[in-house]
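*Asks:* Provided below for reference: sequence and predicted model.
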Amino acid sequence: MTTHENSAKARLVDAPTPEQREEHRKKLMRTWSRAPGLLGWLCTTNHKEIALRYIVTAFVFFLLAGILALLMRLQLSRPDLHVLGPDLYNQVFTTHGTAMMFLFAVPIMEGLALYFVPLMIGSRNVAFPRLNAAGYYIFLSGGLILFAGLILNVGPDAGWFAYPPLSGPEYGVGKRVDVWSQMITATEISALIASVEIVVTVFKQRAPGMSVDRIPIFVWSMLITAFMTIFAMPAVMLVTTMLALDRMPHVATHFFNPAEGGDVLLYQHLFWFFGHPEVYIIFIPGTGLISALLPAFCRRPVVGHTAVVLAQVATAFIGFGLWVHHMFATPIPELGRSFFTAASMIIAVPTGVQVFCWLATIWTGRPQWRPPLLFVMGFFIIFVLGGLTGVMLASVPIDLQVHDTFFVVAHFHYVLIGSAVFPLFGALHYWFPKWTGRLMNETIGRWTFWLFFIGFNLTFFPMHILGLEGMPRRVYTYAERTGWGSLNLVASLGALFMAAGALAFIYNVMRSRRCGEKAGDDPWFADTLEWWTSSPPAPYAFLYPPVVGSLSPLWTDQNSQPVVVGLDAKKREILTTTILEALPDHKHEMPSDSIWPLLLGLVVGGTMSSIIFHPLPFVIGVGLVLLVLFGWFWRGGEPQVLERRSPEIEAEAA
Amino acid sequence: MNQKALDVSALPESALDHRSTIWWGNTWLLVIETTMFALLVASYLYVRLNFPAWPPPLTTRSVPVANPVPLLTLPTIVLGVLIVSLIPAYIADRAALAMKERTVRLMFAVLVALGVLAAVLRFREFHSLQFSWNDNAYASICWTIVAMHLLHIIVATAENTAMLLWALTHSLDRKHARDVRVSAAYWYWVVGIWILLYLLIYLGPRFI
């Protein structure tokens, strides 16, 4: 460590005595906890609280979008039904897809990242705690805009990708598509904020000794996802803004208007330049979750750590080179088709590398068949099936044959639910004790898995066949003579099984958080640093931040490693380290709790929902945002009440 | 029980360069913004393919103009103002590194003034495009690029104004010296990206 000028100033000293530790703990508690009461709750900048809000909110959106799916399955369960009319059906499937992608899959993974990345790298908060809080409020406003729209019968109805001309000013009359495009802008701002948080946190705030080769795979996966988000999300923000400009009565640009030289295919290019990486923005966190679960339940590190990380990096790069395969049914050059077919097949290779590494981990480990590992096994079966149909769809002739049929619906549900939802449920079972200090009930956990697994296959496997038989997507009903009735009925019954699985999960959460078995700090004897904190973690997370000596710190020598002392407990101070070697670099004071992130969320949310009706609020919104940022920047303007602490904490600190 | 502890109390409390988290946060923000402008440029070139003549003939005037390339005078003046503004930004940047309070104040005052001047002139600059934004797709993409960049001039100048007000009312500490440097870095980007966009918007139609 002596090679670096700042790190040379760090010295080894004797460990703190128990009395010093207790004294230190009281001071940290005073410094890092937040004010009691509603205002304290709204103004917190503790990443753990914010991240849990992301997770809970995204899960609520998952349930709402799931209810919409049940409505669709009800409508399609028999031929010629009229439970939902065609207009409502359009709104329901569009809102379902939009909510699942933008309000559930991406933000819930961000929530897990914002919670666990700082803990896994041994830091006390994310890099920009206030911005993090603002990101949550902006995300929430986006979600509210979407569902408020649906309730008021202005739910988007042009599909989750809202292609013009259907979504353009000529055919997409009313405000429905505007609701969609403002929702996108809000949620993508929040996704970009979360990504910058993750990248900078991982770059600068790793525990001393956590050099690049000692970063856990979960942290890698979230870092890579954040990079992808940074390059992909601007495309969707831009394209939805262009669509909104085309649609605005007083603006009426011509980006997608062929009569004035515009081009609807430009929309598709820009949308899928985001939309395809989006699939990997959802999938790579899933691989990170699997790589976090397997060591704990197979009792060994993941086989081929470096290969898995490099495979994730390769996936991220190739993921940007296949967007045109969503456009095979449009007039694109022959060479383009060949190129994107090849790229779409190549991406199966790094995924295959990871799958074989994980299988080797299970094969050579001592697997413990507890619910989280069951969900990982569910992932293998479902995701591999989805991957196989993906390779089929990469071929242009097959794609043209089944384009816009239920075959595609089956494919992407296998891929996305397989790669994201199954690992996610495993992870929620795994980390539940970290949040609550209690274990989830394993019997109900097994029921959840089997209901969900069987229900999933019953619902989506028949859709392959329906698609091959020619049943199109996005139609609200079908005639009896098509003969699609029985397979659709099976699919609808499967959806009930999935709903039962989700209910079992919710019941388990509600029950276990009150009377689940006490977990202790590290119930799984896992290897990463989040389990080195108490369960649930204190606001300061680590009494003394760790120094890391290996890839599996809790399995090797963490108790003989030094801890970091010398950070001021009277302010929110953290240690930053160098990017590659994680040598101690400098101390950095984190900001206090603040009211400005909440105000920023309100201003952005208010602006987004007003732009739906008129372009003028944009100008006002920019002015208000600048005012709020000015208050944010000008330290010292916070409400006094944020300085208060609960009586017990005050008493201890005094 | 831990055997030893690593005492970091002697480490510095801030960093004024790429070692600080804010510097990285700003850098990634700029990557996001650059990606957005790159996609706008791609859209410009994509839309180009739909037009036999670029720019398309201007038919909204009483006498149609066959090759209405953007006018150069005012846009070039704005470009000049922006390039000149790099000088006070750079001097303030170096002064912050050396903790020279008075230089920072003076140079930020100049920088804010030049930013305001560029923003005001930019509103006039739209006329140089000769089209209204809703004439055709060429006009839409040109207006969007120029307006999007104007938004960045306004936001960056607002940020610089806040920085200036702080510097005028407080003595310069290291935390704010770092903020001065980050603001300067943001301004370098605002100017740098415009040099490329100027070439595309104003000289592009003369050659492609």
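*Replies:* Ah, there it is.
*Asks:* Point me to the residue of chain A nearest chain B.
*Replies:* Chain B sits closest to residue A:566 of chain A, with a gap of 3.2 Å, by Cβ to the nearest Cβ. All C-beta atoms are positioned from the backbone trio N, CA, C, and that covers glycine.
*Asks:* What's the local residue count around that residue?
*Replies:* Per other Cβ atoms under 10 Å in any protein chain shown, the neighbour tally for residue A:566 reads 20.
*Asks:* where does it land on pLDDT?
*Replies:* Note for residue A:566: predicted pLDDT of 93.
*Asks:* Relative to residue B:19, how far out is it?
*Replies:* Residue A:566 sits 18 Å away from residue B:19, going by Cβ to Cβ, to the nearest Å.
*Asks:* Contacts only, for residue B:31.
*Replies:* A:230-231 (Cβ atoms under 8 Å, 6 or more residues apart in numbering or on different chains).
*Asks:* name the element it belongs to?
*Replies:* helix B:21-48 (DSSP states H and E).
*Asks:* Tell me which helix or strand comes right after that helix.
*Replies:* helix B:73-97.
*Asks:* Without its sequence neighbours, what residue ends up closest to the residue of chain A closest to chain B?
*Replies:* Of all residues not flanking residue A:566 in the chain, residue B:9 sits nearest, at 3.2 Å (Cβ to Cβ, 6 or more residues apart in numbering or on different chains).
*Asks:* Ok, residue B:40 next?
*Replies:* residue B:145 (5.2 Å).
*Asks:* where does the residue of chain B found nearest chain A fall, phi/psi-wise?
*Replies:* The nearest approach of chain B to chain A comes at residue B:9, 3.2 Å away (Cβ to the nearest Cβ). The phi and psi torsions at residue B:9 (degrees, to the nearest 10) take the values phi -60, psi -20.
*Asks:* and it, what does it touch?
*Replies:* Counting by Cβ under 8 Å, 6+ apart, residue B:9 touches A:565-567.
*Asks:* taking the mean pLDDT, what do you get for the helix or strand where residue A:351 lies?
*Replies:* Taking DSSP H and E as the definition, one finds residue A:351 inside helix A:348-364. Average pLDDT, helix A:348-364: 95.
*Asks:* got the CA coordinates for that helix in PDB?
*Replies:* The C-alpha trace of helix A:348-364 is given here as PDB (Å, rounded to 0.1, in the frame of the first residue of the first chain):
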ATOM      1  CA  ALA A 348     -25.900 -17.300 -26.900                       C
ATOM      2  CA  VAL A 349     -22.200 -18.100 -26.400                       C
ATOM      3  CA  PRO A 350     -21.400 -16.000 -23.300                       C
ATOM      4  CA  THR A 351     -24.700 -17.000 -21.800                       C
ATOM      5  CA  GLY A 352     -23.800 -20.600 -22.400                       C
ATOM      6  CA  VAL A 353     -20.400 -20.000 -20.700                       C
ATOM      7  CA  GLN A 354     -22.200 -18.700 -17.600                       C
ATOM      8  CA  VAL A 355     -24.800 -21.500 -17.500                       C
ATOM      9  CA  PHE A 356     -22.000 -24.200 -17.700                       C
ATOM     10  CA  CYS A 357     -20.100 -22.400 -14.900                       C
ATOM     11  CA  TRP A 358     -23.100 -22.400 -12.700                       C
ATOM     12  CA  LEU A 359     -23.900 -26.100 -13.500                       C
ATOM     13  CA  ALA A 360     -20.300 -26.900 -12.600                       C
ATOM     14  CA  THR A 361     -20.700 -25.000  -9.300                       C
ATOM     15  CA  ILE A 362     -23.800 -27.100  -8.400                       C
ATOM     16  CA  TRP A 363     -22.100 -30.300  -9.600                       C
ATOM     17  CA  THR A 364     -19.000 -29.800  -7.600                       C
END
